[in-house]
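1. after the sequence you'll find the predicted model.
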Amino acid sequence: MARIIVVTSGKGGVGKTTSSASFSTGLATRGHKTAVLDFDVGLRNLDLIMGCERRVVYDLINVINGEASLNQALIKDKHCDNLFILPASQTRDKDALSEEGVERVLHDLINMGFEYIICDSPAGIEHGALMALTFADEAIIVTNPEVSSVRDSDRILGIIQAKSRRAQTGAEPVKEHLLITRYSPKRVEADEMLSHEDVQEILRIPLIGIIPESESVLHASNQGNPAIHFKGTDVAEAYEDVVSRFLGQDVPLRFTAYEKPGLLQRIFGVK
Amino acid sequence: MPPNTPLPAIFTVECTGLRQPELFMPRSPSQLPIEIKISTVVAISTILHSSDPVAIDAALKQMTGGVSDFFEDEFAVIDIGAIAADTPRIDWQLLIDLLKKYRLNAVAVRGALPAMADAIRARGLSLDDGGTGKLTPRQDAEAPPAVSAAPAPIPAPAPAPLPAAATAVVTPGTMIIDTPVRAGQRIYARGCDLIITAVVNNGAEIIADGSIHVYAALNGRALAGASGNAEARIFALAMQPELVSIAGVYRTFDEGFPPELARQPAQIRLVGDRIDILSLSPASRA
């Protein structure tokens, strides 16, 4: 049974698109046929992060308006045969996203045999964000460990519980997952950042992973490769753990404890 | 009539509706010829236990003790939930005229069967479904209809006690919420107490006409006694609200919640026109 997963946060710049790209790549590399949809109509970032911006011909709005077929608009990922990207339109107004249109596109994707459909939500709680979450079966709530991001995540959780199709029809509620990104154990230790326990205490939803703050995320987006491809980095490992947990494996939390550098490390800068 | 015989038709009176605290009244003047705003009005619920106009007339006469302006042209919601199933035919015009005689203006009917809808609309009355579901963010958070702590105004010269009226009015009502109340969500327990067993986060707003109990952290805004009950209180296991209000008297915590009470079990009540915070920790009560 296909699952529709919205990646959302309320607040901007917390790592929704980075997480959507790595999460969908992780699912696809493990053999699941996956589509990732950019709902950020007017801005369009996902294709840049996925490194396919020069191959965009048609977009989500074209498909909704019947100007292109899904097969024409879906872009096959350059690394992964199981992964397809449906970009957002940069030139259209976000009101072009109609509820019926979005439902039809998702329905067609399911009929094409996609197992996982990842909806990369825009920031905010307006139309685009609502359309991204309306049909979700599961939600990944991307949160930075600071108060405004946690507050916005709380808000978006309330909206999912009120406005999603599952909530409106009284079906089983949307399954919620908390993904904490840009986590710095050192700054948590210094009381400059909320700990993951603090964040969970407020949001009260199950934790699916913690992504450490890292330079490699910036490198990855500049290169147009999802961060999960940078094998050996803590960010890639952390995203692999997220995918494992999502698929039902029990994986211990990593990258949450701050280890003070030893004397030799401090002197020689060895890592 | 012997004092313990229930009256043939009993008429219970309660207040419904929220008198919004001043605080939330929008005040922007407008240049438009018409302005549309949500407004909550207080109405009298007239809960019928009989459809016999003679019996109702007798009960009303007894209740008002012959005082002609007992009701001052107030809005009335005719609640027929208790008799609708057994009384398929109701003479609406007769009922409206009867209420008007006692200066009650019927505006809506609550608890009507679908088959009655056309006849009710034809008399210019609205259909009220209880009006509780729309105010809450979740469908499972409906307030039980027709419960209120508002006492029935029984006039002094009433010749006999009104036993059925008394029991109908004191029916306890409680809205219970078991899921976290999140930023931007608003829960209103109309005419009853509100119990929440999960966290109330910053940016959430919980309102009750009665008291509020939170068996977790209360970090949002809490407004008890929203329709004027100054005896209402707010209880929480970990008290650190953004704002509290009882019967419209509010207090914010701009300079921070009192540190010795913050995140502790506490209750909040209205003493005169002052909001008091009292510890509920076992140590401080000993």
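-> Sure, I can see it.
2. what residue in the stretch 101-250 of chain A comes nearest to chain B?
-> Closest contact between the stretch 101-250 of chain A and chain B, by C-beta to the nearest C-beta, is at residue A:158 (3.7 Å). The C-beta positions use only the backbone N, C-alpha and C, and glycine is treated the same way.
3. that residue looks like it's in a helix, true?
-> Yes: judged by DSSP: H, G, I helix; E, B strand; the rest coil, residue A:158 forms part of a helix.
4. what count of nearby residues applies to the residue lying closest to it once chain neighbours are set aside?
-> Nearest non-adjacent residue to residue A:158, counting by C-beta to C-beta, 6 or more residues apart in numbering or on different chains: residue B:182, 3.7 Å away. Residues within reach of residue B:182, counting by other C-beta atoms under 10 Å in any protein chain shown, total 29.
5. repeat that for residue B:200.
-> Residue B:200: 28 neighbours (other C-beta under 10 Å).
6. for it, grab phi and psi.
-> Backbone geometry at residue B:200, expressed as degrees, to the nearest 10, gives phi -110, psi 110.
7. let me know the pLDDT of it.
-> Predicted confidence (pLDDT) at residue B:200: the value is 96.
8. run through the bridge partners of it.
-> Taking DSSP bridges as the rule, residue B:200 bridges to residue B:181, residue B:218.
9. quick one, what contacts residue 246?
-> Answering for chain A, as no chain was given. Going by C-beta atoms under 8 Å, 6 or more residues apart in numbering or on different chains, residue A:246 touches A:23, A:27, A:177, A:208.
10. I was after chain B.
-> For residue B:246, the contact set (C-beta under 8 Å, 6+ apart) comprises B:223, B:224, B:225, B:230, B:232, B:233, B:234, B:268, B:269, B:270, B:275.
11. gap between it and chain A?
-> Counting by C-beta to the nearest C-beta, to the nearest Å, the separation of residue B:246 from chain A is 25 Å.
12. who does that residue form a beta bridge with?
-> residue B:224, residue B:249.
13. for residue B:228, see how far away it is.
-> Remark: distance between residue B:246 and residue B:228 (C-beta to C-beta, to the nearest Å) = 10 Å.
14. which neighbours do these two have in common?
-> Between them, residue B:246 and residue B:228 share no contacting residue, judged by C-beta under 8 Å, 6+ apart.
15. could you report the pLDDT at residue 266?
-> As the question left the chain open, I've gone with chain A. With respect to pLDDT, residue A:266 scores 68.
16. hm, I was asking about chain B
-> 96.
17. what's the burial count for residue A:94?
-> Neighbourhood size, residue A:94 [other C-beta under 10 Å]: 20.
18. buried set for the helix or strand harbouring residue B:268?
-> For residue B:268, the element it lies in under DSSP states H and E is strand B:264-271. Within strand B:264-271, the residues scored as buried using 16 or more other C-beta atoms under 10 Å in any protein chain shown are B:264, B:265, B:266, B:267, B:268, B:269, B:270.
19. between those, which sits nearest chain A?
-> residue B:264 (16.2 Å).
20. give me the phi and psi for residue B:54.
-> Per-residue torsions, residue B:54: phi -70, psi -40 (degrees, to the nearest 10).
21. report the closest residue of chain B relative to chain A.
-> Counting by C-beta to the nearest C-beta, chain B gets nearest to chain A through residue B:182 (3.7 Å).
22. any stretches of the stretch 101-250 of chain B with poor pLDDT?
-> B:130-172 (pLDDT under 70).
23. tell me which parts of it are close to chain A?
-> B:137-139, B:179-180, B:182-185, B:198-199, B:201-204 (C-beta under 8 Å from any C-beta of the partner chain).
24. let's see 6 Å
-> B:137, B:180, B:182, B:183, B:184, B:185, B:201, B:203 (C-beta under 6 Å from any C-beta of the partner chain).
25. which ones are touching the closest residue in space to the fourth one that isn't next to it in sequence?
-> Translated: residue B:183. Leaving aside its sequence neighbours, residue B:183 sits nearest to residue B:203 (C-beta to C-beta, 6+ apart; 3.0 Å). Applying C-beta atoms under 6 Å, 6 or more residues apart in numbering or on different chains, we find residue B:203 in contact with A:151, B:183, B:184.
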